Each structure stands twice: as structure tokens, then as C-alpha cells.
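Trainee: Sequence first, predicted model second:
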Amino acid sequence: MCSIKLVLIPVILYIVFAKDVPSITTSQTNVTVVVGRDAYLTCNVENLQNYMVAWLRVDTQTILTVGQLVVTKNPRVGVLSGPHSCTLTLKDVRQSDVGRYMCQLNTDPMIVQEHQLQVYVPPEIVDSNSTGEVIVAEGGSVALHCTASGSPQPNITWRREDSKPIFIAGENVLKWEGEWLNISVTRRDVNCVLLCIASNGIPPSVSKRILLNVLSRPRVKTFQQQVGAYIYNTGTLKCHIEAYPAPEIHWRDMNGNNLVNGLKYETKTISRGNVHVASVTINNVTREDAGVYQCLAKNSLGTESGNITFYTLALSTEISTSTVRTVTSSNPVTTATNFTFSEFAATEIHEEPLTSIFPVLVQHHLQKPGKTTVS
């Protein structure tokens, strides 16, 4: 009887894995950079093997780089390659660089990935399309225009340089939005510098100064209708004038004579826009200086004046008996009516008896100088 033996023959199974194919793992990206800075566009690649990555500009169908080689003649373009990435670099980015860029693998078929480059640009006022200095008659209307370039498109804001309100559309506002600023009724107090401010979130914001001149005849106001000064001291008269163009300003005395700068009179005018503050200082005041003075302003649109009454201050004594008063001082003896307060305080006075010493207002056009008599 034959026996059968089973022989087990080992079977070796070989599993052959196919070579992994290259792939771009980066999703589509949007890159934003401020003009003048550097931009970096990156493609992440797996299993690159012996393939190469090329960068192209889609808009112009221009090849920029292949592998580590820069093909374009643009000196601002560069490439940074790594084992798993390839980065296109753009130095000193300009607004003209905005557009679509593509990285591609030279496989069959080709593998590609697009990137969008956006360049932000700070605002800039377009002077050629914006209003310059403006002259308008009081009560008239004016339309001011201001435009700016930049990315994103800038917003325009108007305000006064001195931060005062602007009268627009029947109300006072501190600022106004929009390229146009329309003032339907121009008042003299709008004679000012207006600022057109452009901003788009990319610093710095920029502004343009627009000088608005409102033609107006002089308007004169006096700070005080009456001004007094002590004998031998100085007195100053002032008036406030609003006018454009700048007026001629004259000071006149009670006889209508123009006051001229010199030892006796000092005139001065401080101007800011359409506002002018004029003053005259009277030196070494005497009783003869008392009277009505006139501040007169004149420009091509008209003339106006304001009056100020100037009076002198003196010291007087009231003596109730006929006793002679004795005054001791290192200075020559004068009548009490000629003393200023500072002189009076520095002098030692002895009287037998003296009832009172008091200041008296003396106006030349109402009262002539008197004499102090004793018996």
C-alpha cells in the first residue's frame, strides 16, 4: 500500500507599490501687501522628485522662474526653493504688480495653482482735480472739490483747520463727508482754511489746505467804549475789525487828525485771516489827551469806524479847614492832582487836619484842570 505525503511549498507574495506622484498642496491664496514692501507667494509641493516648479504671471503670460532659475529680466523678481516649497519673491512692490500669478509642475498633465496679488496704496491728493485758493463774495455760494487716489479708494472728509463749525445746509457741522463741499450762503466768518482729508485705512492719511477768502466790507467793534489812564502814564485803545481784503486802518483824535507813530503815539495791527486787532498807545498822558478817538477801517468794499472815549485819571484832596497841608518827599512838591497811585503810595503825607484823599475822573471835554488852593 502506497502512502501519499503532502509537501507544502512556500509561496512568497511580492506587493509592488507604485511610485507616489507629485502634487501641490497649497490652496488658492490671496496675498496683500502695501506698496513699497516685499511680497512672497508660496507653493507647497509633495513628492517633487525630479520635477520642477515654474512661476508665471497669468495676466501677461510671462514666465518668471523655472526651478531655481530666474527667467525674467525684472531685477525685483526672485525665487526661494526648499524640499517641499517654492516661493516667488517680489521686492519693492508696485501697484503695477497687481494681478494673478501661477505656479505649475511640469508633469503630464501639468499641475497648476493660481495666486492673487493685491497691492494697497496710501492715499494721495490729486491736486490737478482739486480746488485751490477760492475767493467768493459775502452771501454768495461756493462749491469746493477734492479727490484722492489710493487703494482701497480713499474717503474724503472736510473740516476747518481751526476746528470751528462749518455752516452747511442750514446747520453748523464740525465735518463733512464726500468729494464735494457746497456752501450755499457764504458768511464772513467762513473766511478760513479748510482741510480736505483723504484716508483709506492705509497710513498715513493726507490732507490739502484750501484757503477760502470771503470778500467783505469792514465791520468795526471797539473792545471798550470808554478807556481811562492816569496822568503821566500810558493808555491803550483797541478795536476789532473784520474785513477782506485787509483794510487800511487809521486812528484819529478828537480834531480829526490822523495819529502818527512816534514818541507820543504807538499804533499796531495784528491780523489773522479777515480778523484784525488794531491798537494805539498814548504815552505820557496829559489832560489834553482826553477826548473821543476814532478807529477807521477802509478797503475796496467800504469804510466803517468806531469811537472810543478816552479820559484821564487824577488824585484830588478835599480840605475842610484852612490849615496848610505839609507834604514831605524826596521829590519836588507838586499838587496832589498830578500824582499817580504808585507815586502817591511812595510819598509820606502829614496834614493838620485832612478829611479824605480820593481819585477823581477828569474828562477834558467835560472839565478843565483845576487848582488846589489853601488859605
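Mentor: In hand now; what should we look at?

Trainee: what residues go with each domain of the protein?
Mentor: Under the assignment automatic domain parsing, the domains of the chain span 23-120, 126-215, 218-311, 313-362.

Trainee: Could I get the contacting residues of the residue most central in space within the chain?
Mentor: When Cα atoms, centre = their mean is applied to the chain, the residue found nearest the centroid is residue 161 (4.7 Å). For residue 161, the contact set (Cβ atoms under 8 Å, 6 or more residues apart in numbering) comprises 192, 193, 194, 195, 209. No exception for glycine: its C-beta is placed from N, CA and C like everyone else's.

Trainee: ok, the second one - how many residues close by?
Mentor: In terms of burial, residue 193 registers 13 neighbours under the definition other Cβ atoms under 10 Å.

Trainee: Please, which helix or strand holds the closest residue to residue 74 other than its chain neighbours?
Mentor: Residue nearest to residue 74 in three dimensions, not counting chain neighbours: residue 64, with 7.7 Å by Cβ to Cβ, 6 or more residues apart in numbering. According to DSSP states H and E, residue 64 maps onto strand 62-66.

Trainee: Same question for residue 172.
Mentor: Using DSSP H and E, residue 172 maps to strand 171-173.

Trainee: now the following helix or strand past that strand: how far from the chain's centre is it?
Mentor: Next helix or strand after strand 171-173 toward the C-terminus (DSSP H and E): strand 176-177. Here the centre of strand 176-177 is set off from its chain's centre by 16 Å, with Cα atoms, centre = their mean, to the nearest Å.

Trainee: So in that sheet, which strands flank strand 176-177, and in what orientation?
Mentor: According to DSSP bridges, strand 176-177 has the following sheet partners: strand 155-160 (antiparallel).

Trainee: got the phi/psi numbers for the nearest residue to residue 174 once chain neighbours are set aside?
Mentor: The spatial neighbour of residue 174 that comes closest, neighbours along the chain excluded (Cβ to Cβ, 6+ apart), is residue 165 at 5.7 Å. Backbone torsions of residue 165, given as degrees, to the nearest 10, read phi -70, psi 160.

Trainee: one step back: these two touch, right, the residue nearest to residue 74 and residue 73?
Mentor: No. In this structure residue 64 lies outside contact range of residue 73 using Cβ atoms under 8 Å: 10.4 Å.
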